[in-house]
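*Asks:* Give me a model of this one.
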Amino acid sequence: MTTPGDNRELGIPADVHRVNEAVLVAYLKDHIAGFAGDCTIHQFLGGQSNPTYLIEDTSGTYVLRKKPPGTLLPSAHAVDREYRVISALADTDVPVPRTRNLCEDETVIGQMFYVMDYVPGRVLAEREMPGCTPGERTAMFHSMASVLGTLHSVDYRDVGLDDFGRPSMYVARQVARWSKQYEASKVEDCEAMDNVIGWLTQNNPDDEQAAIVHGDYRPGNVIFHSKTPDVAAVLDWELSTIGHPLADLGYFLMPYRLDAAASPWGLQGLDLDGLGIPPESTLVEAYAGASHRESVENIDYYIVFSMFRLAAILAGVLRRGLDGNASDPRAVERGRTYAQLAGVALSIAHNS
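*Replies:* Residues are numbered from 1 along each chain as shown. Reported below is the predicted structural model:
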């Protein structure tokens with residue numbers, strides 16, 4: 001089953017992610033103007049973090065995102081931060097869904113959640129974007145790079161996000177934070193992770209910049225228009241904060257440094273020209289133009305940083321999968337790739 005008019009897969013929520021629909025509908029009727037309550041609710045399949053649901057009501061179509069059940073790591077799964085940043089970007093040139101309501105009362109359905117409008121379109125999580133022509137892929141990548149640059153050009157103070165994060169020492173604090181998250185969730189020792197943490201600490205460029213950063217910017221976290229290659233909406237803002245913009249860019253460019261045969265995200269080894277996927281340098285130029293900067297420095301450091309952070313996240317996915325409270329049944333398989341990713345990051349660091 002897919003969403004109406006696009007390719008997102010839906011299913012019946014697993015027992016661990018079921019919500020009391022009667023209670024939820026009663027709440028939404030009280031908190032969303034015009035909500036009728038004669039709705040159907042399905043869960044979006046895929047993804048590893050916050051369970052997400054499609055609500056089709058006669059008043060409109062909505063999306064609900066909530067925290068997962070179980071004991072969670074400190075500051076993880078911050079759906080309230082997602083809601084705040086999406087709401088703040090509503091009147092900017094960054095494409096985001098319209099937010100409707102944030103429910104911080106966990107007694108309603110068991111976890112904090114928020115509701116936003118459903119944005120129709122295509123989510124192309126697979127790296128080769130099947131079904132697209134080379135020309136479409138080229139335009140899609142350019143659109144993603146431009147939207148990221150546009151995001152980083154927004155003055156966070158002008159949109160009310162002055163206290164959304166600390167602008168100074170972002171990378172150093174992130175390395176410390178994700179090191180702690182990794183230690184809290186790891187299920188085995190990994191020498192490559194330990195060495196990457198040390199390298200990042202010792203080689204920080206100390207280039208202070210501050211912008212709204214998404215934290216997980218990639219093709220699978222944007223919706224493309226159904227009939228054009230333009231980004232219609234940016235999704236999954238739970239890792240967003242005020243931080244160094246090149247950390248976002250490094251994460252976006254990371255697949256160019258990963259072997260396609262060894263990583264589900266990797267682009268190395270693919271026929272990029274044939275696919276229409278533009279070279280890394282072209283995306284850097286598009287990003288620089290949209291973010292109003294003359295050059296991009298030290299990108300290798302930020303790619304290594306991005307690989308480390310993703311590896312730490314995947315280690316958490318592995319732990320949740322083993323504990324039985326991940327939102328995707330493939331969590332254990334995907335989570336186990338963290339060690340390989342740490343090894344690639346270490347190789348780039350040594351050659352940088």
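*Asks:* how about low-confidence regions in the chain?
*Replies:* 1-7, 46-48, 69-77, 326-327, 329 (pLDDT under 70).
*Asks:* let's see 80
*Replies:* Applying pLDDT under 80 to the chain picks out residues 1-9, 11-17, 46-49, 68-77, 322-323, 325-331, 352.
*Asks:* Where is the longest helix in it?
*Replies:* helix 299-323 (DSSP state H).
*Asks:* C-terminal to it, what's the next element?
*Replies:* As assigned by DSSP states H and E, the chain's next helix or strand after helix 299-323 is helix 331-335.
*Asks:* how far off helix 299-323 does whichever helix or strand comes after that following helix point, in degrees?
*Replies:* Elements were assigned by DSSP H and E; along the chain past helix 331-335, the next helix or strand is helix 338-351. Orientation of helix 338-351 against helix 299-323 (axes from the mean of the first three to the mean of the last three C-alpha atoms, to 10 degrees) gives an angle of 170 degrees.
*Asks:* May I see the buried residues of helix 338-351?
*Replies:* Tyr338, Ala339, Gln340, Leu341, Ala342, Gly343, Val344, Ala345, Leu346, Ile348, Ala349 (16 or more other C-beta atoms under 10 Å). (C-beta placed from N, C-alpha, C; glycine too.)
*Asks:* May I see these organised as a markdown table, with distance to Asp206 added?
*Replies:* What follows is the buried residues of helix 338-351, written out as a markdown table (distance: C-beta to C-beta, whole Å):
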| residue | distance to Asp206 |
| --- | --- |
| Tyr338 | 27 |
| Ala339 | 29 |
| Gln340 | 30 |
| Leu341 | 25 |
| Ala342 | 24 |
| Gly343 | 26 |
| Val344 | 25 |
| Ala345 | 20 |
| Leu346 | 21 |
| Ile348 | 19 |
| Ala349 | 17 |
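*Asks:* Out of those residues, which comes closest to Phe308?
*Replies:* Distance ranking of those against Phe308, using C-beta to C-beta, places Ala345 first at 5.4 Å.
*Asks:* Please tell me how far the closest one sits from Met193.
*Replies:* 9 Å (C-beta to C-beta, to the nearest Å).
*Asks:* hang on, the earlier thing: tell me which other helices or strands the longest helix of the chain touches.
*Replies:* helix 170-185, helix 191-202, helix 245-253, helix 331-335, helix 338-351 (3 or more C-beta pairs under 8 Å, 6 or more residues apart in numbering; DSSP states H and E).
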